[in-house]
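Q: Based on what follows, work out the 3D shape:
(one chain, ligands or ions: 1)
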Amino acid sequence: MPPVIEVRNLHKRYRDKVAVEDVSFTVEEGEILGVLGPNGAGKTTTVECVAGLRAPDRGEITVLGLDPRRDHAALTRRLGVQLQESQLPPRLRVAEALRLYSSFYPEPADWRELLDGLALGDKAETPFGKLSGGQKQRLSIALALVGAPRVAILDELTTGLDPQARRDTWDLIESVRSSGVTIVLVTHFMEEAERLCDRVALIDAGRVVTVDTPAGLTDRAGVGQRIQFRPSRPVDDRLLAGLPGVSAVTRRGEWVVVTGDSDALNTVTAALARDQVVAERLRVEPASLEDAFVALTGRGPVRDTK
Ligand SMILES: Nc1ncnc2c1ncn2[C@@H]1O[C@H](COP(=O)(O)OP(=O)(O)OP(=O)(O)O)[C@@H](O)[C@H]1O
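A: Here you go, the predicted structure:
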């Protein structure tokens with residue numbers, strides 16, 4: 001079966017700023033592909049091109065065999081898009097918005113069920129302008145899914161949601177996935193990517209660094225384990241970073257966090273002992289996707305406030 005989404009050698013610049021430089025990936029039917037990367041990496045530009053909302057400078061994109069620009073009208077019926085910061089008229093009520101959007105599609109989803117799944121069931125009669133930021137965000141997810149699309153593009157699905165709303169949204173996305181929908185999910189949350197994504201495309205500075213399963217990405221980054229401790233005396237991060245088996249050294253307050261392969265624990269504890277540093281409250285855990293991200297891009301996935 002051909003991939004549902006195919007992106008080949010995508011390039012996009014804004015005047016003299018290159019936003020996307022040669023991005024290629026595929027998304028298979030029923031898969032959730034995560035798009036991960038530091039701020040400004042080109043994630044939104046990439047998914048906007050896939051959704052047909054921006055014209056690429058170069059490269060080819062097909063979604064369900066269609067060209068997102070040329071075949072925009074045909075694709076709109078089968079593609080749900082949730083973009084950052086969607087706006088509606090402030091007086092439009094939630095139910096009115098959903099009825100309106102439903103009317104665009106031949107076989108829409110049950111919008112009441114979507115509202116319940118997003119814990120907005122009691123907001124049907126509330127005007128858009130009276131919703132909180134998190135409620136607006138959840139409504140934008142409902143609007144992306146109300147057409148019962150075959151493909152959904154979700155940009156920062158749960159940014160701005162509290163932990164409970166985030167978990168509810170993940171449950172909803174899992175049930176959408178189990179109905180066979182193919183999903184592209186731009187996210188800054190490693191936990192979200194680990195929980196929902198079958199594969200992750202890691203994008204940095206407009207290029208795809210790697211596409212792999214979350215577990216494959218952690219292996220590839222050579223970050224089998226995370227060693228965390230509080231040093232009894234100051235230690236030089238560069239010295240630790242140069243040790244065999246170590247892939248990255250970061251700080252969390254007074255904690256030192258070292259990621260690396262199975263040799264890292266031995267080399268780090270030996271180096272600390274040589275310098276008479278005691279590793280207090282030492283913990284060793286399997287590395288997470290976040291550790292892989294830092295090792296592969298040299299940066300954290302933290303989102304700046306815009
Ligand atoms: N309309 C625009 N005009 C000019 N430059 C832009 C425009 N949109 C994005 N850019 C720039 O292109 C680059 C890629 O932006 P993009 O929004 O695609 O990245 P991103 O990975 O989605 O970032 P974030 O995680 O911060 O949302 C950034 O340097 C950004 O400043």
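
Q: burial measure for Gly253, as a count.
A: 6 (other C-beta atoms under 10 Å). (Glycine included, C-beta is placed from N, CA and C.)

Q: where are the low-confidence patches of the stretch 151-300 of the chain?
A: Within the stretch 151-300 of the chain, the ranges that satisfy pLDDT under 70 run 299-300.

Q: wait, I meant the stretch 1-150 of the chain
A: The model of the stretch 1-150 of the chain has pLDDT under 70 over residues 84-86.

Q: what about the strands in it?
A: Taking DSSP state E, counting those that start in this stretch as the criterion, the stretch 1-150 of the chain carries its strands at 5-14, 17-27, 32-36, 58-63, 79-82.

Q: Give me the contacts around stretch 76-88.
A: Residues from elsewhere that reach stretch 76-88 (C-beta atoms under 8 Å, 6 or more residues apart in numbering): 44, 48, 51, 53, 63-64, 97, 104-106, 128, 136, 139-141, 143-147, 149-157, 159.

Q: what about burial for these, which qualify?
A: Neighbour-count burial (16 or more other C-beta atoms under 10 Å) applied to the contacts of stretch 76-88 gives 44, 48, 51, 53, 63-64, 97, 105, 128, 136, 139-141, 143-147, 149-157, 159.

Q: Pro3: what's its closest spatial neighbour, skipping adjacent residues?
A: Of all residues not flanking Pro3 in the chain, Thr26 sits nearest, at 3.8 Å (C-beta to C-beta, 6 or more residues apart in numbering).

Q: what pairs with that neighbour across the strands?
A: Beta-bridge partners recorded for Thr26 (DSSP bridges): Glu6.

Q: quick one, longest helix in the chain?
A: Ranked by residue count and defined by DSSP state H, the top helix of the chain is helix 163-178.

Q: The ligand contacts on the stretch 1-150 of the chain?
A: Within the stretch 1-150 of the chain, the positions adjacent to the ligand are Tyr14, Lys17, Ala19, Gly37, Asn39, Gly40, Ala41, Gly42, Lys43, Thr44, Thr45 by C-beta under 6 Å from any ligand atom.

Q: tell me which of those residues is nearest to Thr218?
A: Gly37 (16.4 Å; C-beta to C-beta).

Q: looking at it, that closest one is touching Arg207, isn't it?
A: No - between Gly37 and Arg207 there is no contact under C-beta atoms under 8 Å: 9.5 Å.

Q: the more surrounded of these two?
A: Under the criterion of other C-beta under 10 Å, the comparison of Gly37 against Arg207 puts Gly37 first, with 26 against 16.

Q: Nearest residue to the middle of the protein?
A: The residue lying closest to the centre of the chain (C-alpha atoms, centre = their mean) is Thr187, at 2.1 Å.

Q: In contact with that one, which residues?
A: Contacts of Thr187 by C-beta under 8 Å, 6+ apart are Gly34, Val35, Leu36, Glu156, Leu157, Thr158, Ala193.

Q: How many neighbouring residues does the second one have?
A: When you say that, I think you mean Val35. Residues lying near Val35 (other C-beta under 10 Å) number 29.

Q: That's all I had, so thanks and see you.
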